[in-house]
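[1] Here is a sequence with its predicted model. Questions after.
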Amino acid sequence: MNGQAPYYHGYRFPPAIISHAVWLYHRFCLSFRDAEDLLAQRGITVSYEAIRQWCHTFGPAYARGLRRRRGRLGDTWHLDELFVNIQGRQQYLWRAVDQDGDVIDILVQSRRDRRAAKRFFRKLLKGQGCVPRRLITDKLRSYAAAHRTVLPSVVHSTTRYENNRAEVSHQPTRQRERQMRRFKSAKHAQRFLSVHGLVLNLFRVGRHLLRAAHYRVLRTRSLLMWDEVTCTY
């Protein structure tokens, strides 16, 4: 698998079926067995274990393609952390979204101290390649300490309720966590949620704010970009 396009050589099924299975799993709240049944209804016989392997192999490659094409996101970053129980141990899912609610990046860590916050800040800066105009967080002191070290020139706000956008963005994660009966490991959570967030960004076009015709145009554009990223056009 190179850094430019998915490499399908040696797979029995065509790229269109593989990409469709990965899309079903990450776009909707489905299990691997659900995706298997949906493909079977269309006359495609494939095991759920094969779909699992496709998601494991091709999901990160698709995510890299989507990340290259999305460009820079908004200049106001909302940051928040979520408690995730993984094999009896408490982990923390750090998430950043912009002012439009698009996921910028996520990072699963075992702590939420100053060092963890600094690590997340640096990951965001490396991924976006720019400094935000505003930084909005809750009152966790780790954010303030990391802000003084990594982003001292950025306006930092901790006003109550202002960070609701980041808190609401955790809802799809909780939904998938229940569907999957919790994540198997921190690595599993990081790998899945990194892909899941980018797919949500691509297909989250604000249906409630648009006329039906405009929504269909944007949905078609998103599907065309997915086909381009997965090399199935």
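    Sure, I can see it.
[2] For the rest of this, base every contact and every neighbour count on C-alpha atoms.
    Fine.
[3] distance of the residue nearest the centre of the chain from Ala96?
    In the chain, the C-alpha closest to the average C-alpha coordinate belongs to Gly197, at a distance of 1.6 Å (C-alpha atoms, centre = their mean). Distance, Gly197 to Ala96, by C-alpha to C-alpha, to the nearest Å: 11 Å.
[4] shared neighbours of those two, which are they?
    The contact sets of Gly197 and Ala96 overlap at 103, 105 (C-alpha atoms under 8 Å, 6 or more residues apart in numbering).
[5] what's in contact with whichever strand or helix holds the residue nearest to the centre of the chain?
    Assigned by DSSP states H and E, Gly197 belongs to helix 186-203. For helix 186-203, contacts defined as C-alpha under 8 Å, 6+ apart pick out 26-27, 59-60, 62-63, 66-67, 86, 91, 102-103, 105-109, 173, 183, 219, 222.
[6] Residue ranges in the chain under the pLDDT threshold?
    1-5, 233 (pLDDT under 70).
[7] residue contacts, Trp77?
    Contact analysis of Trp77 by C-alpha under 8 Å, 6+ apart lists 96-99, 132, 134-136.
[8] about what we covered before: same for the helix or strand just after the helix holding Gly197, what does it pack against?
    Using DSSP H and E, the helix or strand that follows helix 186-203 in sequence is helix 212-229. Packing partners of helix 212-229 (3 or more C-alpha pairs under 8 Å, 6 or more residues apart in numbering; DSSP states H and E): helix 48-70, helix 186-203.
[9] right, and the helix or strand after the strand ranked longest in the chain?
    Longest strand in the chain, counting residues (DSSP state E): strand 76-86. Sequence-wise, the next helix or strand downstream of strand 76-86 (DSSP H and E) is strand 89-97.
[10] Would you list the phi and psi of the residue of the chain positioned farthest from its centre?
    No residue in the chain sits farther from the centre than Gly43, which is 30.3 Å out by C-alpha atoms, centre = their mean. Main-chain dihedrals, Gly43, degrees, to the nearest 10: phi 80, psi 20.
[11] Same check on His156?
    When read as degrees, to the nearest 10, the backbone of His156 gives phi -120, psi 120.
[12] Please name the nearest non-neighbouring residue to it.
    Spatial nearest neighbour of His156, excluding adjacent residues (C-alpha to C-alpha, 6 or more residues apart in numbering): Leu135 at 4.7 Å.
[13] can you check Phe121 too?
    In space, Phe121 comes closest to Val150 once its chain neighbours are excluded; the distance is 7.1 Å by C-alpha to C-alpha, 6+ apart.
[14] just to revisit the earlier point, tell me which of the helices and strands packed on helix 212-229 is the most buried.
    helix 186-203 (a mean of 19; mean count of other C-alpha atoms under 10 Å).
[15] Tell me which residues are up against stretch 205-213.
    Stretch 205-213 has contacts (C-alpha under 8 Å, 6+ apart) with 215, 218-219.
[16] Buried residues of that stretch, list them for me.
    Val205 (16 or more other C-alpha atoms under 10 Å).
[17] about what we covered before: relative to the whole chain's centre, how far out is the longest strand of the chain?
    12 Å (C-alpha atoms, centre = their mean, to the nearest Å).
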